[in-house]
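Q: Any chance you can model this:
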Amino acid sequence: MLVIRKTNVTRTPRAASNPSDEFLRVPLAQLAESPTNPRKSFDEAQLNELAESIRSHGILSPLVVRRSNGLYEIVAGARRYRAATRAGLENVPVRVVTLTDEEAAEAQLIENVQRSDIHPFEEAQGFRALLEREGPGYTIQTIAARVGKPAAHVARRLKLLDLIPPAAEALTAGRIGVEHASLIAKLTPDAQERALDHCFDGYGAGEDSERSLVPVSRLQAWMEHNLYLSLKSASFSKEDETLLPEAGSCAKCPKRTGFNTLLFGEAGANLDSCVDAACFNRKLDAHVAQRVATMPNLVQIAQGYASTSGTSALSRRDYVEVLVRRNVRTKNALPEQRLCPHLTTAIHVDGLEKGRLVKICANRECYVHFANRKKEEEQRRRWKQDRTAENRKAKQVLIFRHRVLAKIVKRVKAPLGCEELRFVTRFVLASLSHDLAARLAKRRGLGNAKEPKDWQAVERIRTLYKKLEAADLVPLLFEAILLSSVGNVAPDRRDDPLVTAAGLARVNVQAIRLAVAKEERKKEERKKKEKGPKKTHGH
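A: Here you go, the predicted structure:
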């Protein structure tokens, strides 16, 4: 039976199970969307599909409303209300409930997070709103029970709110999936940037501007290998709350995978790592400082072989780390496994072993641990000396041979005619290798011999004969022919073309050799004066 009410609505029978509720048909004009509805986004295509269904079958499930300021505020059903408006309905079925503002907001949150098409961010915001409600507080476990989802699901959704803006934008734009985003959200902001970049690679991209999304398993494997820091091998105590007071202990830290299994899952429990590299490194620094302060004789050692100037840590070349093990036969033991009277306790101050205490020998006179090093250093020193002497001698010989060539070129005569000389010169220049042609071009001021790709200079030198007269062609011929022998810095031989040519041109080879040697001695004397006397250091 229809009953006309002051609000111009049609009453429907009340539900037997909820006698306090009213079921009515209400004009759309008397409905108002709730300002506290957490749902902010509506898919246009889905709204059109729902509107078409409503035109054919009507609204099968009443909207849940409450009376507010002479209207009916929609507690649940904003999407059906919008679709009904598009479908051109005049009124819709509603269920009128009696709720306070707090109860209405809570009901909306619960209804919102239970939607099947909810975006992960909206779901996370709904969970957070429930956690922040006043009065009887919600926990992750109680929210999970109310919405019918695992507690781990709620925890992972809440963590999405910690995404850095670029990662959040990538998720909302659909460039990464929610599983990728959940992995990234567990990290610190700096680590999130690195992980987001490793979500993509260039393989399989349709265009140069596109990159393909890597599988979730691949991203997780990269994070565990590059960003997770193992607490099992950490040198500091995970239970120590005083080591870094602002961070507390690692035992119950939410950034420890072995503790926060709700967020990291069972795999995290087996991994037992720290995902906050900055905090991990601060604890390592505090642990090293604490050890040094409580152990006055503790030696600090570094991993690198380079000089550690400015620090008190010994470089790798100044100590030998000794592996103190039992039942090691001295006869077959390596130097690192043998004991000596000079062993002392040291601590690593950098690298992967930072904070670990070890036994070392730092006495460079120790025959057990430094005998081989002394031999190696002596061999290296002699090799450097021999190499320096060889280079100096080779340079001296090279200067000498270039001067011989210069003297030869100056004294060459031109008995041949111009056309004949050009004919000979043409084939001599063409027979030169590219490197020799480039070197000749440099000697003639036509190019740079250090630039092997200077093809223009090589082309110019190989066509130079066309422009020269007989008096200039003869020196060019001798220079081109003898240039290859200049680079031969082996001891002088009877068949050396350069020396033979020097004899024909009556060049005083010995005088040039002595002049070059004299110049080299003067250079060495100037260097010694600039360096001054060597300073001696006491040991």
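
Q: all helices for the stretch 151-300 of the chain, in order.
A: Listed from the start of the chain, the stretch 151-300 of the chain has helices (DSSP state H, counting those that start in this stretch) covering 151-159, 165-172, 178-185, 189-197, 216-226, 261-271, 277-294.

Q: In the fifth one, which residues are buried?
A: Within helix 216-226, the residues that count as buried by 16 or more other Cβ atoms under 10 Å are 216, 219-220, 222-224. (Each C-beta comes from the backbone N, C-alpha and C, glycine too.)

Q: Would you format the helices of the stretch 151-300 of the chain as CSV with distance to residue 241 and mean pLDDT included?
A: Formatted as CSV, the entries for these read as follows, by distance: least, Cβ to Cβ, whole Å; pLDDT from 0 to 100:
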stretch, distance to residue 241, mean pLDDT
helix 151-159, 24, 89
helix 165-172, 32, 92
helix 178-185, 27, 92
helix 189-197, 24, 91
helix 216-226, 27, 89
helix 261-271, 21, 65
helix 277-294, 11, 91
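
Q: Compare these and report which one is nearest to residue 358.
A: helix 277-294 (12.0 Å; Cβ to Cβ).

Q: ok, residues contacting that closest one?
A: 188, 190-191, 227, 229, 234-236, 243-244, 247, 250, 255, 274, 298, 300, 347, 349, 354-355, 357 (Cβ atoms under 8 Å, 6 or more residues apart in numbering).

Q: remind me, longest helix of this structure?
A: helix 367-411 (DSSP state H).

Q: Tell me the helices and strands packed up against it.
A: Here helix 367-411 is seen to pack against strand 320-322, strand 357-361, helix 470-486, helix 497-504, helix 509-531 when contacts are counted using 3 or more Cβ pairs under 8 Å, 6 or more residues apart in numbering; DSSP states H and E.

Q: Make a markdown table out of these and add mean neighbour count.
A: Converted to a markdown table, the helices and strands packed on helix 367-411 look like this (neighbours: other Cβ atoms under 10 Å):
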| stretch | mean neighbour count |
| --- | --- |
| strand 320-322 | 20 |
| strand 357-361 | 17 |
| helix 470-486 | 18 |
| helix 497-504 | 16 |
| helix 509-531 | 12 |
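
Q: Kindly reformat the ones you listed as a markdown table containing mean pLDDT.
A: Putting these into a markdown table (pLDDT from 0 to 100) gives the following:
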| stretch | mean pLDDT |
| --- | --- |
| strand 320-322 | 89 |
| strand 357-361 | 92 |
| helix 470-486 | 86 |
| helix 497-504 | 86 |
| helix 509-531 | 88 |
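
Q: Is it possible to get TSV of the ones you listed that adds distance to residue 199?
A: Rendered in TSV, the data for the helices and strands packed on helix 367-411 read as follows (distance: least, Cβ to Cβ, whole Å):
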stretch	distance to residue 199
strand 320-322	40
strand 357-361	40
helix 470-486	59
helix 497-504	66
helix 509-531	57
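
Q: ok, back up a step: right, so of the helices of the stretch 151-300 of the chain, which gets closest to residue 488?
A: Using Cβ to Cβ, the helices of the stretch 151-300 of the chain put helix 216-226 closest to residue 488, at 53.9 Å.

Q: and that closest one, what other elements does it pack with?
A: Contact analysis of helix 216-226 by 3+ Cβ pairs under 8 Å, 6+ apart lists helix 178-185, helix 189-197 as its packing neighbours.

Q: which regions of the stretch 101-250 of the chain sit below the pLDDT cut-off?
A: Along the stretch 101-250 of the chain, the parts satisfying pLDDT under 70 run over 114-117, 134-136, 202-210.

Q: Find the nearest non-adjacent residue to the residue most central in space within the chain, please.
A: Most central in the chain under Cα atoms, centre = their mean is residue 194, positioned 6.5 Å from the mean C-alpha point. Nearest in space to residue 194, with sequence neighbours left out and distances taken as Cβ to Cβ, 6 or more residues apart in numbering, is residue 227 at 7.1 Å.

Q: List the contacts of residue 87.
A: Under the contact definition (Cβ under 8 Å, 6+ apart), the residues listed for residue 87 are 51-52, 54-55.

Q: Okay, buried residues for stretch 169-185 please.
A: If you call a residue buried by 16+ other Cβ under 10 Å, then stretch 169-185 has these buried ones: 170-171, 176-178, 180-185.

Q: Also stretch 45-59?
A: Buried, per 16+ other Cβ under 10 Å, within stretch 45-59: 47, 50-51, 54, 59.

Q: Put together JSON lines for the residues you listed, with secondary structure, distance to residue 500 and pLDDT on each row.
A: Listed next are the buried residues of stretch 45-59 as JSON lines, based on DSSP: H, G, I helix; E, B strand; the rest coil; distance: Cβ to Cβ, whole Å; pLDDT from 0 to 100:
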{"residue": "47", "secondary structure": "helix", "distance to residue 500": "99", "pLDDT": "83"}
{"residue": "50", "secondary structure": "helix", "distance to residue 500": "103", "pLDDT": "83"}
{"residue": "51", "secondary structure": "helix", "distance to residue 500": "104", "pLDDT": "85"}
{"residue": "54", "secondary structure": "helix", "distance to residue 500": "109", "pLDDT": "85"}
{"residue": "59", "secondary structure": "coil", "distance to residue 500": "112", "pLDDT": "87"}
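
Q: Quickly name whichever of the residues you listed is closest to residue 518.
A: After measuring the buried residues of stretch 45-59 against residue 518 - Cβ to Cβ - the closest member comes out as residue 47, at 97.6 Å.

Q: From residue 79, how far out is that closest one?
A: Here the distance between residue 47 and residue 79 works out to 7 Å (Cβ to Cβ, to the nearest Å).

Q: can you check residue 495 too?
A: On the measure of Cβ to Cβ, residue 495 and residue 79 end up 100 Å apart.

Q: Counting neighbours, go ahead and name the busier of these two.
A: Neighbour tally, residue 495 and residue 79, criterion other Cβ atoms under 10 Å: the higher count belongs to residue 79, 18 against 6.

Q: export the buried residues of helix 216-226 to TSV and tack on distance to residue 516?
A: What follows is the buried residues of helix 216-226, written out as TSV (distance: Cβ to Cβ, whole Å):
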residue	distance to residue 516
216	71
219	66
220	68
222	61
223	64
224	65
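
Q: doesn't residue 28 make contact with residue 94?
A: No: with contact defined as Cβ atoms under 8 Å, residue 94 and residue 28 do not form a contacting pair (10.6 Å).

Q: Could you check which of these two has the larger neighbour count?
A: Applying other Cβ under 10 Å to residue 94 and residue 28 shows that residue 94 carries more neighbours, namely 27 against 13.

Q: Any idea how far the one helix or strand the more buried one maps to is from the middle of the chain?
A: Taking DSSP states H and E as the criterion, residue 94 maps to strand 91-96. Taking Cα atoms, centre = their mean, to the nearest Å, the mean C-alpha location of strand 91-96 is offset from the chain mean by 58 Å.

Q: Rounded mean pLDDT for it, please.
A: Taken as a whole, strand 91-96 carries a mean pLDDT of 90.

Q: okay, now the residue nearest to residue 426 when sequence neighbours are not counted: neighbour count?
A: Here the nearest residue to residue 426 in space, its sequence neighbours aside, is residue 465; by Cβ to Cβ, 6+ apart that works out to 5.5 Å. Number of residues near residue 465 (other Cβ under 10 Å) recorded here: 22.

Q: wait, is residue 65 part of a strand?
A: Yes: the secondary structure assignment for residue 65 places it in a strand, going by DSSP: H, G, I helix; E, B strand; the rest coil.

Q: and it, what does it touch?
A: Under the criterion of Cβ under 8 Å, 6+ apart, the contact partners of residue 65 comprise 26, 31, 72-75, 77, 94-97.

Q: Out of those, which is nearest to residue 162?
A: residue 75 (30.5 Å).

Q: ok so, going back, for residue 391, which of the helices and strands packed on helix 367-411 is the nearest?
A: Across the helices and strands packed on helix 367-411, residue 391 has its closest neighbour in helix 509-531 (11.8 Å, Cβ to Cβ).
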